[in-house]
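In: Any chance you could fold what I've pasted below:
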Amino acid sequence: MTASRWQTFSPVWNQLHQFQDEMNRLFDRWGNGNPLAGAARFPALNVWEEGEEVWVEAELPGLNLKDLEIYVSGGNQLTVKGERKPNLPDNGVWHRQERAFGAFARTLSLPFPVDADKVDARLENGVLRIRLNKHESARPRKIAVKAE
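Out: Numbers count the residues shown, from 1 in each chain. As a prediction, this is how the structure comes out:
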(Lines give C-alpha, C1' and ligand atoms only; values in the text may rest on other atoms or scores of the structure.)
Protein backbone atom coordinates (compact mmCIF):
# COMPACT_ATOMS: atom_id res chain seq x y z
CA MET A 1 0.00 0.00 0.00
CA THR A 2 1.35 3.41 -0.93
CA ALA A 3 1.26 6.09 1.76
CA SER A 4 -0.23 9.37 0.63
CA ARG A 5 -0.47 12.70 2.36
CA TRP A 6 -3.88 13.95 3.34
CA GLN A 7 -4.64 16.77 0.89
CA THR A 8 -7.89 18.23 2.24
CA PHE A 9 -6.35 21.51 3.49
CA SER A 10 -3.64 21.72 0.84
CA PRO A 11 -4.98 24.90 -0.84
CA VAL A 12 -5.16 26.68 2.52
CA TRP A 13 -1.58 25.67 3.45
CA ASN A 14 -0.33 26.70 0.03
CA GLN A 15 -1.88 30.14 0.46
CA LEU A 16 -0.40 30.49 3.95
CA HIS A 17 3.07 29.56 2.67
CA GLN A 18 2.68 32.00 -0.21
CA PHE A 19 1.64 34.74 2.22
CA GLN A 20 4.63 33.96 4.46
CA ASP A 21 7.01 34.14 1.48
CA GLU A 22 5.56 37.51 0.44
CA MET A 23 5.93 38.89 3.98
CA ASN A 24 9.54 37.65 4.16
CA ARG A 25 10.32 39.36 0.85
CA LEU A 26 8.66 42.57 2.06
CA PHE A 27 10.67 42.68 5.29
CA ASP A 28 13.91 41.74 3.50
CA ARG A 29 13.37 44.52 0.99
CA TRP A 30 12.50 47.07 3.68
CA GLY A 31 15.46 46.14 5.89
CA ASN A 32 18.04 46.10 3.10
CA GLY A 33 16.89 49.30 1.43
CA ASN A 34 16.40 51.44 4.50
CA PRO A 35 19.60 53.01 5.86
CA LEU A 36 17.93 53.46 9.25
CA ALA A 37 16.76 49.85 9.55
CA GLY A 38 19.71 48.96 11.76
CA ALA A 39 19.50 52.14 13.82
CA ALA A 40 17.35 50.52 16.48
CA ARG A 41 20.08 47.96 17.07
CA PHE A 42 22.99 50.39 17.07
CA PRO A 43 25.35 49.89 18.69
CA ALA A 44 25.51 46.12 18.66
CA LEU A 45 26.45 44.90 22.14
CA ASN A 46 28.41 41.87 23.30
CA VAL A 47 27.76 40.87 26.93
CA TRP A 48 29.60 38.19 28.89
CA GLU A 49 30.18 37.21 32.50
CA GLU A 50 33.56 36.48 34.08
CA GLY A 51 33.52 35.54 37.75
CA GLU A 52 32.10 38.45 39.75
CA GLU A 53 31.93 40.80 36.74
CA VAL A 54 29.87 41.33 33.62
CA TRP A 55 31.48 42.91 30.56
CA VAL A 56 29.74 44.87 27.83
CA GLU A 57 31.48 45.71 24.58
CA ALA A 58 30.32 47.91 21.71
CA GLU A 59 31.95 49.18 18.53
CA LEU A 60 31.49 52.93 18.23
CA PRO A 61 33.72 54.14 15.41
CA GLY A 62 33.86 57.87 14.90
CA LEU A 63 32.17 58.67 18.22
CA ASN A 64 33.58 61.47 20.37
CA LEU A 65 33.88 60.76 24.07
CA LYS A 66 31.91 63.93 24.91
CA ASP A 67 28.95 62.51 22.94
CA LEU A 68 28.71 59.33 25.06
CA GLU A 69 26.72 58.71 28.25
CA ILE A 70 26.44 55.52 30.30
CA TYR A 71 23.85 54.92 33.02
CA VAL A 72 23.12 52.12 35.48
CA SER A 73 19.59 52.19 36.87
CA GLY A 74 17.22 49.86 38.66
CA GLY A 75 20.12 47.72 39.81
CA ASN A 76 20.46 45.78 36.57
CA GLN A 77 19.63 48.16 33.72
CA LEU A 78 22.50 49.48 31.60
CA THR A 79 21.93 52.33 29.16
CA VAL A 80 24.46 53.38 26.52
CA LYS A 81 23.43 56.68 24.97
CA GLY A 82 25.14 58.99 22.54
CA GLU A 83 25.25 60.65 19.18
CA ARG A 84 27.42 59.86 16.20
CA LYS A 85 27.78 62.94 14.04
CA PRO A 86 28.06 62.58 10.26
CA ASN A 87 31.34 63.17 8.50
CA LEU A 88 30.09 65.39 5.71
CA PRO A 89 32.30 65.86 2.66
CA ASP A 90 32.93 69.51 1.80
CA ASN A 91 32.93 69.27 -2.00
CA GLY A 92 32.15 65.62 -2.53
CA VAL A 93 29.07 63.83 -3.77
CA TRP A 94 27.68 60.86 -1.85
CA HIS A 95 27.48 57.63 -3.85
CA ARG A 96 26.67 55.40 -0.92
CA GLN A 97 26.04 56.00 2.76
CA GLU A 98 25.59 52.85 4.84
CA ARG A 99 26.83 53.98 8.24
CA ALA A 100 24.05 55.31 10.45
CA PHE A 101 24.46 58.68 12.14
CA GLY A 102 22.50 60.48 14.77
CA ALA A 103 21.39 59.94 18.34
CA PHE A 104 21.09 56.43 19.76
CA ALA A 105 20.22 54.80 23.07
CA ARG A 106 20.44 51.13 24.01
CA THR A 107 19.11 49.81 27.31
CA LEU A 108 19.58 46.22 28.32
CA SER A 109 18.83 44.12 31.35
CA LEU A 110 21.94 42.62 32.89
CA PRO A 111 21.81 39.05 34.24
CA PHE A 112 22.17 40.26 37.86
CA PRO A 113 22.19 43.49 39.91
CA VAL A 114 25.45 45.43 39.63
CA ASP A 115 27.22 47.92 41.88
CA ALA A 116 26.73 51.27 40.12
CA ASP A 117 29.64 52.78 42.08
CA LYS A 118 32.13 50.27 40.66
CA VAL A 119 31.58 50.65 36.91
CA ASP A 120 34.62 51.11 34.69
CA ALA A 121 34.10 52.26 31.09
CA ARG A 122 36.81 52.88 28.49
CA LEU A 123 36.61 53.96 24.86
CA GLU A 124 39.76 52.94 23.00
CA ASN A 125 40.19 52.83 19.22
CA GLY A 126 36.43 53.06 18.70
CA VAL A 127 35.63 50.13 21.03
CA LEU A 128 33.71 50.76 24.25
CA ARG A 129 34.39 48.27 27.05
CA ILE A 130 32.34 48.45 30.24
CA ARG A 131 33.18 46.37 33.32
CA LEU A 132 30.44 46.07 35.95
CA ASN A 133 30.82 44.30 39.30
CA LYS A 134 28.09 42.15 40.82
CA HIS A 135 26.25 43.83 43.62
CA GLU A 136 26.79 42.28 47.05
CA SER A 137 23.16 41.06 47.05
CA ALA A 138 23.78 39.10 43.82
CA ARG A 139 26.86 37.27 45.08
CA PRO A 140 26.42 33.74 46.37
CA ARG A 141 26.54 33.40 50.14
CA LYS A 142 27.54 30.34 52.03
CA ILE A 143 24.86 29.31 54.49
CA ALA A 144 25.89 27.56 57.68
CA VAL A 145 23.90 24.43 58.37
CA LYS A 146 23.04 23.75 62.01
CA ALA A 147 22.40 20.33 63.49
CA GLU A 148 19.97 19.57 66.31
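
In: and residue 99, what pLDDT?
Out: Looking at residue 99, its pLDDT stands at 77.

In: which secondary structure element contains it?
Out: Using DSSP states H and E, residue 99 maps to neither a helix nor a strand.

In: That one: what's it in contact with?
Out: Contacts for residue 99 (CB atoms under 8 Å, 6 or more residues apart in numbering) come out as residue 62. (Each C-beta comes from the backbone N, C-alpha and C, glycine too.)

In: and what of the one 4 residues further on?
Out: If you count contacts by CB under 8 Å, 6+ apart, residue 103 has them with 81-83.

In: again, only this time at 7 Å
Out: residue 83 (CB atoms under 7 Å, 6 or more residues apart in numbering).

In: Write down the beta-bridge partners of it, one by one.
Out: Beta bridges link residue 103 to residue 83, judged by DSSP bridges.

In: same thing with residue 131?
Out: As assigned using DSSP bridges, the partners bridged with residue 131 are residue 55, residue 120.

In: what do you get for residue 46?
Out: residue 57.

In: okay but it is in contact with residue 57, surely?
Out: Yes: the pair residue 46 / residue 57 is scored as a contact, 4.4 Å apart, by CB atoms under 7 Å.

In: Pick out whichever of the two has more residues nearby.
Out: Set residue 46 next to residue 57 and count neighbours by other CB atoms under 10 Å: residue 57 wins out with 15 against 10.

In: Quick check, residue 75 in contact with residue 113.
Out: Yes: counting by CB under 7 Å, residue 75 touches residue 113, with 3.8 Å between them.

In: what sits in contact with each of those two?
Out: residue 135.

In: ok, now how distant is residue 143 from residue 84?
Out: Relative to residue 84, residue 143 is positioned 49 Å away (CB to CB, to the nearest Å).

In: if you count what's nearby, which of the two comes out ahead?
Out: residue 84 (20 against 6).
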